[in-house]
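>>> My questions concern the predicted model and sequence given below.
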Amino acid sequence: MSAIRRAGYRSATNDRRRALAISHHDDYLPGLVGEVLADHGVELVLRAREDDHAYPDPRDIDLVVPFGSVWSVHDPDLERHVAAEQAFLRACDAAGTPVFGVCFGAQQLAAALGGAVHRLTTPEIGWYEVRTTAPELVGAGLDKRRAQIREQAHPHLPPDD
């Protein structure tokens, strides 16, 4: 994909829409999300969670997509990286920058905004019934069996402001 690059953020001379993908050095494939964004003319900028350089100003990005991970939001060995990403997600929320959290990215977003994330007693691996509590937002057809692999959940979402 020509619309994907690994460095830099918005330039003063480029008005193209940009999305920041947060992933890992060894897992930089944005998959279907990246394809859809590229099809809509959005440049995808990739940033590794392990990088020590600062996150960009959220006002310089049009969308943030934190992707999945084998990490846990509670792993003490990763606390520095997890905390930095959560601080960035809070800054995105404050700036009004949209965030689309995928898997671990959704857990990070929930934890960053005051929700709770916990390890499941039994991992969910297989086909599970998925239901929405807001069909008017999600649309018809979501309430189906979906493949799922997860060990953590965020059952208590952040409070509405």
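Looks like it came in fine. Model, not experiment: these values are computed from the prediction. Numbers count the residues shown, from 1 in each chain.
>>> what comes into contact with stretch 75-92?
22, 49-50, 55, 58, 61, 64, 66, 71-73, 98-99, 108-109, 111-113 (C-beta atoms under 8 Å, 6 or more residues apart in numbering). In short, each C-beta sits where N, CA and C put it, glycine included.
>>> Name the residues of it that are buried.
Neighbour-count burial for stretch 75-92, counted by 16 or more other C-beta atoms under 10 Å, picks out 78, 81-82, 85-86, 88-89, 91-92.
>>> Columns distance to residue 153 and pLDDT on top of those, output as TSV?
TSV is the format used below for these (distance: C-beta to C-beta, whole Å; pLDDT from 0 to 100):
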residue	distance to residue 153	pLDDT
78	19	89
81	21	92
82	17	93
85	19	95
86	17	95
88	23	97
89	18	97
91	25	97
92	23	97
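>>> If you count contacts, what does whatever helix or strand residue 125 lives in end up packed against?
Following DSSP states H and E, the helix or strand that holds residue 125 is strand 116-130. On a contact count with 3 or more C-beta pairs under 8 Å, 6 or more residues apart in numbering; DSSP states H and E, strand 116-130 meets helix 104-112, strand 144-156.
>>> quick one: contacts for residue 102?
33, 65-68.
>>> could those residues be laid out in TSV, adding pLDDT, distance to residue 41 and secondary structure?
Below are the contacts of residue 102 laid out as TSV (pLDDT from 0 to 100; distance: C-beta to C-beta, whole Å; DSSP: H, G, I helix; E, B strand; the rest coil):
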residue	pLDDT	distance to residue 41	secondary structure
33	87	15	helix
65	95	16	strand
66	94	22	strand
67	91	21	coil
68	85	25	coil
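>>> which of those residues has the most neighbours?
residue 66 (28 neighbours; other C-beta atoms under 10 Å).
>>> Please give me every residue in contact with the residue lying closest to that residue once chain neighbours are set aside.
Nearest non-adjacent residue to residue 66, counting by C-beta to C-beta, 6 or more residues apart in numbering: residue 105, 3.0 Å away. By C-beta under 8 Å, 6+ apart, the residues touching residue 105 are 22, 65-69.
>>> per-residue pLDDT, residue 105?
We have a pLDDT of 91 for residue 105.
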